[in-house]
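Student: Show me the folded form of this:
(one chain, ligands or ions: 1)
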Amino acid sequence: MITLIGFMGCGKTTVGTELARRTGATAIDADAVVEERGGRTIARIFEEYGEPYFRDLERRVLAELCGNGGPGILCTGGGAVLDERNVEAMRAAGPVVWLRATPESISRRIAGDLSRPLLKDGATPESVAARLEPRLLLYEQTADVAVDTDGKGVEEICDEIEAALARLGKGQS
Ligand code: S3P
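Tutor: Predicted coordinates for the structure are as follows:
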């Protein structure tokens, strides 16, 4: 299993879907499974039950997906790295790829998107940076490979991921 990590709006789901298409693997979006289990959108889960409840649900979903041998490609929520138990589960299940993006490009990509409760008051480069910076070390420590996504299309990003994983001897079979 290959796990994609990175901040909100860095393209995990888009890239994961394309990586899966290339190999015939299945891509699963952990946020979508959380919504299914919670019976609500992530925005509603945060609103009705708060972030700790969401994080608990997210941890259980990730443990289950990683423990199963996982799908071919696992797309995680941007905060998955905040819990050490998630980090262990993801790393045990296979290579972890960090999709890196600058606050400016993240802000452009998610401006006006109301589905992300942590940035519901606006995703300016400054507010993105304030949330991103404390996470940078966690993304870096969790990932086997980091790929810069700014200014690149999904094909180019997938090519780079495949090349980086092949160099590590961890390519998709
Ligand atoms: C979050 C990222 C979101 C979602 C939730 C919390 C975060 O996922 O899990 O809103 O803490 O960064 P995406 O990265 O897919 O937007």
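Student: for the ligand, what are the nearby residues on the protein?
Tutor: Residues of the chain lying close to the ligand (CB under 6 Å from any ligand atom) are Met8, Lys12, Asp31, Ile42, Gly77, Gly78, Gly79, Arg116, Pro117, Leu118. From N, CA and C alone the C-beta is placed, and that goes for glycine too.
Student: Val145 against Glu162, yeah?
Tutor: No. Taking contact to mean CB atoms under 8 Å, the distance of 10.3 Å between Val145 and Glu162 leaves them out of contact.
Student: In contact with the residue nearest to Gly72 when sequence neighbours are not counted: list those residues for me.
Tutor: Nearest-residue entry for Gly72: Ala25, 2.3 Å, with adjacent residues in sequence omitted and distances by CB to CB, 6 or more residues apart in numbering. If you count contacts by CB atoms under 8 Å, 6 or more residues apart in numbering, Ala25 has them with Leu19, Pro71, Gly72, Ile73, Gln172.
Student: and these as a markdown table, adding neighbour count, secondary structure and pLDDT?
Tutor: Formatted as a markdown table, the contacts of Ala25 follow (neighbours: other CB atoms under 10 Å; DSSP: H, G, I helix; E, B strand; the rest coil; pLDDT from 0 to 100):
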| residue | neighbour count | secondary structure | pLDDT |
| --- | --- | --- | --- |
| Leu19 | 24 | helix | 97 |
| Pro71 | 22 | coil | 71 |
| Gly72 | 18 | coil | 93 |
| Ile73 | 28 | strand | 97 |
| Gln172 | 19 | coil | 61 |
